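Engineer: Take a look and give me a structure for this.
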Amino acid sequence: MLLFGFHAVSGRIRQNPQSIQEIYLDQARRDPRSRQLVELLEAHKIKVSLLESGRLDGMIGSGRHQGVIAKVDDSRKYVALEDLLDSLEEEALFLVLDGIQDPHNLGACLRVADAFGVNAIIAPKDRAVGLNATAAKVASGAAETVPYVTVTNLARALRQLKEAGIAVIGTAEDGDSDIYETALEGPIAWVLGSEGSGMRRLTRENCDRLVRIPMEGMVESLNVSVTSGILMYETCRQRRTRRGKK
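Structural biologist: Numbering: from 1, shown residues only. This next block holds a predicted model:
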């Protein structure tokens, strides 16, 4: 697997340097950012190959690499849902993504999850984009800090969450209540549907309740990563308020 971009590569080095097999760096870069990366690589004794920018473009099919590409061991150990549930805290917070297709959306959701201390992102193995190089780059290092749990049967996984005492809350335009009027207490798993069709029928049926985000303008829906940011913010805001924090 190839990772590219300074945030994605630096994040992998700091979190799991053993997985880095080789770094390919644009030989023309002499700026402070590239020098800092070289110092980090030297500290971890990671092999570096200097290449022309055109060769880097050819490796990923575009020029979006920012001058750095990492060849990594893609046998990333995904956390099993059962292990995750065994280590739950009192107010755990999960983000469930039902069939996200755009790696940019997945990467942005990972960044949101990292920012708000989400315990893990849960997603189906099939009919979803998966954690590829583009998603990891957009995540800017969050792909290395937020567990990404894939499951073969999402409806069954939601039932497991509920059996563990976690409230499974779906988001829909026809939700029963407004998010700002909903008490968000205890451990919660927020469920978001795919970019086009939303949640699948079985996913929706396995939610404890449906909540909507009120829209004041002309647009009917929000990008999935924007939605996840609103949900995580409101959940954490309410929790901090209950704890007496501003």
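
Engineer: For the one residue sitting closest to the centre of the chain, I want the exact helix or strand it lies within.
Structural biologist: The centre of the chain sits closest to L110, judged by CA atoms, centre = their mean, with a distance of 2.0 Å. Element membership for L110, per DSSP states H and E: helix 103-115.

Engineer: hmm, back to that, I'd say the residue nearest to the centre of the chain and G141 touch.
Structural biologist: No. Assessed by CB atoms under 8 Å, L110 is found out of contact with G141, at 9.1 Å. Heads up, the C-betas are built off the backbone N, CA and C, glycines and all.

Engineer: Work out the gap between the helix holding L110 and the centre of the chain.
Structural biologist: 4 Å (CA atoms, centre = their mean, to the nearest Å).

Engineer: Using PDB, write down the CA coordinates of it.
Structural biologist: Taking C-alpha atoms only, helix 103-115 is exported to PDB below (Å, rounded to 0.1, in the frame of the first residue of the first chain):
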ATOM      1  CA  PRO A 103     -12.600   8.200   0.200                       C
ATOM      2  CA  HIS A 104     -12.400  12.000   0.800                       C
ATOM      3  CA  ASN A 105     -15.600  11.700   2.900                       C
ATOM      4  CA  LEU A 106     -14.100   8.800   4.900                       C
ATOM      5  CA  GLY A 107     -10.900  10.700   5.400                       C
ATOM      6  CA  ALA A 108     -12.700  13.800   6.600                       C
ATOM      7  CA  CYS A 109     -14.800  11.600   9.000                       C
ATOM      8  CA  LEU A 110     -11.700  10.200  10.400                       C
ATOM      9  CA  ARG A 111     -10.400  13.700  11.200                       C
ATOM     10  CA  VAL A 112     -13.700  14.500  12.900                       C
ATOM     11  CA  ALA A 113     -13.500  11.300  14.900                       C
ATOM     12  CA  ASP A 114     -10.000  12.100  16.100                       C
ATOM     13  CA  ALA A 115     -10.900  15.600  17.000                       C
END
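
Engineer: For the residue lying closest to G99 once chain neighbours are set aside, grab the count of nearby residues.
Structural biologist: Nearest non-adjacent residue to G99, counting by CB to CB, 6 or more residues apart in numbering: S194, 3.8 Å away. S194: 20 surrounding residues under other CB atoms under 10 Å.

Engineer: For S194, which residues count as its bridge partners?
Structural biologist: Applying DSSP bridges to S194 gives these bridge partners: G198.

Engineer: and if you look at Y24?
Structural biologist: S49, I69.

Engineer: And for this structure, the residue most distant from the center?
Structural biologist: Quick read of the chain (CA atoms, centre = their mean): farthest out is A28, 32.4 Å.

Engineer: Kindly provide the distance from that one to I100.
Structural biologist: According to CB to CB, to the nearest Å, A28 and I100 sit 36 Å apart.

Engineer: So this protein: which segments form each domain?
Structural biologist: 2-72, 81-242 (automatic domain parsing).

Engineer: Name the helix or strand of the chain that has the lowest mean pLDDT.
Structural biologist: helix 6-15 (a mean of 80; mean pLDDT, DSSP states H and E).

Engineer: what's the angle between it and helix 103-115?
Structural biologist: 50 degrees (axes from the mean of the first three to the mean of the last three CA atoms, to 10 degrees).

Engineer: just checking, what packs against the longest helix that the chain contains?
Structural biologist: Counting by DSSP state H, the longest helix found in the chain is helix 224-242. Counting contacts by 3 or more CB pairs under 8 Å, 6 or more residues apart in numbering; DSSP states H and E, helix 224-242 is packed against strand 93-98, helix 103-115, strand 188-193.

Engineer: Give me the angle between the longest one and helix 224-242.
Structural biologist: What that stands for is helix 103-115. 10 degrees.
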